Structures are given as structure tokens and as C-alpha cells.
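In: Quick one, structure for this:
(chains A and B)
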Amino acid sequence: MFEIFGISSQALFGQLLIGLINGSFYALLSLGLAVIFGMLNIINFTHGAQYMLGAFTAFFLLQHAGLGYWWALIIAPLVVGATGVIIERLFLQWLYKLDHLYGLLLTFGLALIIEGTFRNFFGSSGLPYSVPSALQGGQNLGFMFLPNYRAWVVVFSLAVCLTTWFVIERTKLGSYLRAATENPTLVRAFGINVPRMITLTYGFGVALAALAGVMAAPIYNVSPQMGANLIIVVFAVVVIGGMGSIMGAIVTGFGLGIIEGLTKVFFPEASNTVIFIVMAIVLLIRPAGLFGRGA
Amino acid sequence: MQRAIDIKGADATRPRSEAIAFVLMAVALIVAPMFAYPVFLMKALCFALFACAFNLLIGYVGLLSFGHALFFGWSAYVGAHAAKVWGFPPELAILSGTATAAGLGTIVGALAIRRQGIYFAMITLALAQMMYFFAVQAPFTHGEDGIQAVPRGRLFGSIDLANQTNMYVTVLVIFLGCFLLIYRIINSPFGEVLKAIRENETRAISLGYKTERYKLVAFVLSATFAGVAGSTKALVFQLASLTDVDWPMSGEVILMTLVGGLGTLFGPVAGAFFVVTLENYLTTIGQWVFVVQGVIFVVCVLLFRRGIVGELAHLMRIKL
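Out: Numbering: from 1, shown residues only, chains lettered A, B, ... in the order given. Predicted structure coming up:
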């Protein structure tokens, strides 16, 4: 153990790790928001609620079906993604021709319904979800203690983010997706089923949120409110990064997580607000966002 | 004679339906305390003014602010603090709250109008959340307790506002005054430019209007009226709390305006009375209130985008 700027390495790197973990969730969620916005032109306010649903699905799977974390990591995104597909078919598909703001209002309404319902049944306090046995314990790195589970969260979410980036930017499926974002009518004329692609894109974005929820369950407890405040921070992240670029969303997410972690060490009073302050500064200097293509 | 001509001239340019509806609304509000609790009515009036302020932005400029609780709540805090700690009379307490909202509106507006469309909503929401955290941490707001037992004081040194009737008349005068002012703004040349921006901003720019400035002024005006509503509400309930600055409050004012009818003059008033009445009946069901609000949001967006007053005006083919 040693000291940097009068702060012990344990505290500094510990907060950096927490920052990286928060950053993983920011990256996964803003990635989902960007993918959905690209295809649907809708800002998915339900994203926070769907992240919460992912965590609750993991909790239910363990409680009622005896299926542990690893199963939840596969099943929860599928289940919540399927509910996303239903939401898109039932509600969102009627909004594509309307002003953007109706999509925001509708998904806000859905978030109120989902989070309100869960609060009624589970109250406001968190339910515990234990770390899977394979990832318990940790490593002593000399300058800090690194819990295995937290290392896993950072590595795994980075892998998911990069895979998503690869699929969208480097594969044929991704090229269809990007083409449909630019000009859906033309892509449809080439015989590609764009409406189904839109539905599946929403399901995929939602599944990413649910995946983040499962990963978050052992770190922060499972609670109905876990997504409500997070989504506002993620909105700020999206404003900072701009939604034009997939890689931009990933880099901004992790970067802001680290900045937030460092703020907790050096200036704890501002740790809640630092991301919003960064947003205000970015708006002053680069109004289009760090990776944005125009407003 | 001169006067008669003036009225006739006014009739030619402004729809008579709005004038009749305004008189009906004013009369209804004057006799209302005989049928309903004054506190309930005052709450509805404060929210109606808040919703009218919000509607000025979304209905006439097409900007969706998701952070209007910021102006409402901070105005309530400053108004309550001024009345309780500084011993300001009520009129100055409301003014200081309003000035705070106007100042915050200038800063938030200047930042938020740098991006368009959906980003505007996200920026206002994020900045409002930031100011919420400041409200949680600032000592003068007393955190979870809020500023309690705010004295209503004597208006202009003589009218005792502890008297419920006096308070009601004051709130009614503030509401009607602000309502007329908003009406005047919407129907001024300035208001016409705002509507032009709503319809086609690029075109407005090409016609030589500096739309950014118009949007900023509209934002500040909207924040200011929201501030009047906030500090008045703090005096009525003698309380300013975190509920007033938190994001569900921003959602609530959107709901009121949406239910009543976006871009209609009387819609926000109808919507505010609808939502406040509904919540009055739903207080016993606890958290389900949020679910009910969510369902109303979904139904309004999918099936009922004109809102109550919008539908009414459409059916009767008049302007309201």
C-alpha cells in the first residue's frame, strides 16, 4: 500500500474500480439507447425499468426455479427482450410517424407503470442477490484488493460492448441495420423486412439493459428503484457522447464512470453531480457532443 | 362609442370563443369555493399555472422540457426561505422565488437550446436532476424535512393571508393575471414567431429570425411563470420540499398538459384540475398512483393526443 496525493492507493484504486463498474453499466445502457434511437427514432425512457426487470428476473429465477447467476445471464436478457418485442408491437410501432417527443412520453409512461407495479409488491428496500460461487473472493494486487466478481463485470461488459460494436460496424447484418437507419424505404425496396428488423433491434437494445441488470444484481441489491435514477445519468452520458457513434457511446460510458469514481476520491460532495457538470461543459464547448454528428 | 369600436376590432382578430371561455372559467373559479375546499382549489390553481407555463414552451415552441420541476421547486424553496427566515412579506417572497426561477431558467435555457429535439428533453432532465442533488445537499432546504411552517404573512402589509378566503382570492388573482399575460404573449408578434419556430425552424431562420434568442426568451418566460406557481404553492401549503424539485414533478406537469391538450390555451388548466382531482381520490392507493399516471400517459399518447380541451375544440370547431 502506498499513497498518491495523500490518498491511500486502496481508496484511489477502489474508487477507480467502482467507477469502471458504473462505467460498464453506463456504456451498456447508453449503447442500447443509441442502437434503439438509431432505428426507432425513439428515446427509450423505459430503459431504466428494463434494467431493473433484468435484475428481478435473475432474482426470480434463483428464488423460484433454482437457476443461478449463469442461467440468469442467458435467460433474463431473452425474457426481457421478448417483453420488449411485445412492447414494440403493441405500442411503439404506432409512433414512428409522429414527433419524437411522443415516443419519449409513451416510454416514460411505461416506465412509471413497470416501476410503480414493482414498488407495490417489493417496496423500496433492496433484495439481496449473492455473488456466484465461482466468482467469490478476490486477488490482492499489492496496491489494492480486487474482488473477482467486479473484475468479471468490467471484462464481460467490455466484451459485450465490443461484440455489439463489431456486429454493427463490421458484419453484413450490421450493414443492413446501418443502411436501414439511414434510409429505411430504400432498404425495404431491396427486399429486406425492415419492420421486423426494427422490432428485433428494440428487443436487442432492451436485452442489453436486462443483461446490465443481471450483472448489477450482486453489486447493488435488486430494488424497484435501481433504474429510475440511473436512466437520468445515462441520458446525460448520451448527451455528452452523442448518439451517432456506437464506439462513442462505449468510450463515453467508461470514461464518465472513471471520472465519477475519481471525483468520489478527491471531491466527494460533487460525486452525484459531476456527470451533469461535465454535460454542461461539453454543451458549452462542443454542442454536438463528443462523438456527435450535428445536433 | 370609441370603446364599442375597439371591442369590435378586437373581435375581428381574436376568436370570441376564447373570451367566452375565459369569462366562464373566471366565474366558475369565483364561485368554486362554495362547492369545494379552498385548499384543494388553490393547489389545482397553482398546478394549472405551472402547466400553463410548461405549455408555453411545448405547445407554442415545440420544446419538451423534462426538467420544469427545477423552476417550480427552487422557486418554492427560495420563496419559503424568504418568507420564513428573512421575514419577507408574501408579495416579496413570491417575487424572490420568481426571480430565482427566471435566473435558473436563463442558465438552463442557454445550455439546453444548444441541442435540438430529443436532446433538449434529456438535457433539461439532467440539469434538473443536478439541481435536485444540490437541493438535497444545501443546508437551507433542510433535506428530507423541507422548509416547514412557512408563514403566509400579510399581503402589502394589510391583508392577512392566514385567512383562507384572502389566500384564495390572492391565488386566484395571481392565476388569472398570469393566464392573461400568457395569452397576451402567445397572441403577440413574438408569439407568432414562436409558433413559426414550432412549425418549421429552418424556415424561420431563413426568414431572418434569430430563433435561438426567441427560444431562450420563451424558455425564460416559461421558467418564470413556473416560478410564480412554485413560490405561490409554497405559501399556500406553507411547505417547500424535495417532492417539488424531483423528476416525478416534471413528469406530472407534462401529464397535466398532455391530458388537457398540448398547445391549447385552456388545456393545461383542465388537465391540472383533472390530475389533481384524480390524485385526491387516489391518495389511499399509495404507489399505484404512479401506475395510474403511467396508464394515462400511454392512453393519451396512443389514442388521445389532442387532450380534453383539444378534443372539445375539435368537436365544436372553435379555438380554445
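In: So what does residue B:65 have for phi and psi?
Out: As for residue B:65, its main-chain torsions (degrees, to the nearest 10) stand at phi -90, psi 120.
In: Can you give me the pLDDT of it?
Out: With respect to pLDDT, residue B:65 has a value of 95.
In: How about residue B:208?
Out: 93.
In: In contact with residue A:260, which residues?
Out: A:19, A:22-23, A:271, A:274-275 (Cβ atoms under 8 Å, 6 or more residues apart in numbering or on different chains). Yep, even glycine has a C-beta here, placed from its N, CA and C like the rest.
In: Can you dump the C-alpha atoms of stretch B:211-225 in PDB for me?
Out: Output of stretch B:211-225 as PDB, limited to C-alpha atoms (Å, rounded to 0.1, in the frame of the first residue of the first chain):
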ATOM      1  CA  THR B 211     -34.600  31.600 -33.500                       C
ATOM      2  CA  GLU B 212     -32.100  30.800 -30.700                       C
ATOM      3  CA  ARG B 213     -32.900  34.100 -29.000                       C
ATOM      4  CA  TYR B 214     -36.600  33.600 -29.300                       C
ATOM      5  CA  LYS B 215     -36.300  30.100 -27.900                       C
ATOM      6  CA  LEU B 216     -34.300  31.400 -25.000                       C
ATOM      7  CA  VAL B 217     -36.700  34.200 -24.200                       C
ATOM      8  CA  ALA B 218     -39.600  31.700 -24.400                       C
ATOM      9  CA  PHE B 219     -37.700  29.300 -22.100                       C
ATOM     10  CA  VAL B 220     -37.000  32.100 -19.500                       C
ATOM     11  CA  LEU B 221     -40.700  33.200 -19.600                       C
ATOM     12  CA  SER B 222     -41.900  29.700 -19.100                       C
ATOM     13  CA  ALA B 223     -39.400  29.200 -16.200                       C
ATOM     14  CA  THR B 224     -40.600  32.500 -14.700                       C
ATOM     15  CA  PHE B 225     -44.300  31.600 -14.700                       C
END
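In: re the thing from before, which one of the contacts of residue A:260 is nearest residue B:113?
Out: Nearest to residue B:113 among these is residue A:275, at 20.7 Å by Cβ to Cβ.
In: could you say what helices and strands the one helix or strand that closest one maps to packs with?
Out: Per DSSP states H and E, residue A:275 falls inside helix A:274-285. Judged by 3 or more Cβ pairs under 8 Å, 6 or more residues apart in numbering or on different chains; DSSP states H and E, helix A:274-285 is in contact with helix A:228-241, helix A:246-266, helix B:90-112, helix B:117-137.
In: Figure out the helix or strand that the residue lying closest to residue B:44 once chain neighbours are set aside lives in.
Out: Distances taken as Cβ to Cβ, 6 or more residues apart in numbering or on different chains put residue B:276 closest to residue B:44, at 4.4 Å, once the chain neighbours are dropped. If you go by DSSP H and E, residue B:276 is part of helix B:267-282.
In: Just the buried residues of that helix, please?
Out: For helix B:267-282, a neighbour-count test (16 or more other Cβ atoms under 10 Å in any protein chain shown) marks B:267-276 as buried.
In: What lies in contact with the helix or strand following it?
Out: Following helix B:267-282 in sequence order, the next helix or strand is helix B:288-303 (DSSP H and E). Helix B:288-303 is contacted by residues A:91, A:94-95, A:102, A:105-106, A:108-117, A:119-120, B:248, B:251-252, B:255, B:258-259, B:275, B:278-279, B:282-283, B:285, B:307 when judged by Cβ under 8 Å, 6+ apart.
In: next one: stretch A:211-219
Out: Stretch A:211-219 is contacted from outside by A:21, A:24-25, A:28-29, A:50-59, A:69, A:72-73, A:76-77, A:80, A:129-132, A:149-150, A:153, A:156-157, A:160, A:226-227, using Cβ under 8 Å, 6+ apart.
In: In PDB, list the C-alpha atoms belonging to that stretch.
Out: Listed next in PDB are the C-alpha coordinates belonging to stretch A:211-219 (Å, rounded to 0.1, in the frame of the first residue of the first chain):
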ATOM      1  CA  LEU A 211     -28.100  -8.000 -19.100                       C
ATOM      2  CA  ALA A 212     -26.700  -5.000 -17.300                       C
ATOM      3  CA  GLY A 213     -29.400  -5.500 -14.700                       C
ATOM      4  CA  VAL A 214     -28.300  -9.100 -14.100                       C
ATOM      5  CA  MET A 215     -24.700  -8.100 -13.700                       C
ATOM      6  CA  ALA A 216     -25.700  -5.300 -11.300                       C
ATOM      7  CA  ALA A 217     -27.800  -7.500  -9.100                       C
ATOM      8  CA  PRO A 218     -25.000  -8.900  -7.000                       C
ATOM      9  CA  ILE A 219     -23.300  -5.400  -6.600                       C
END
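In: If anything else comes up later, I'll come back, but that's it for now.
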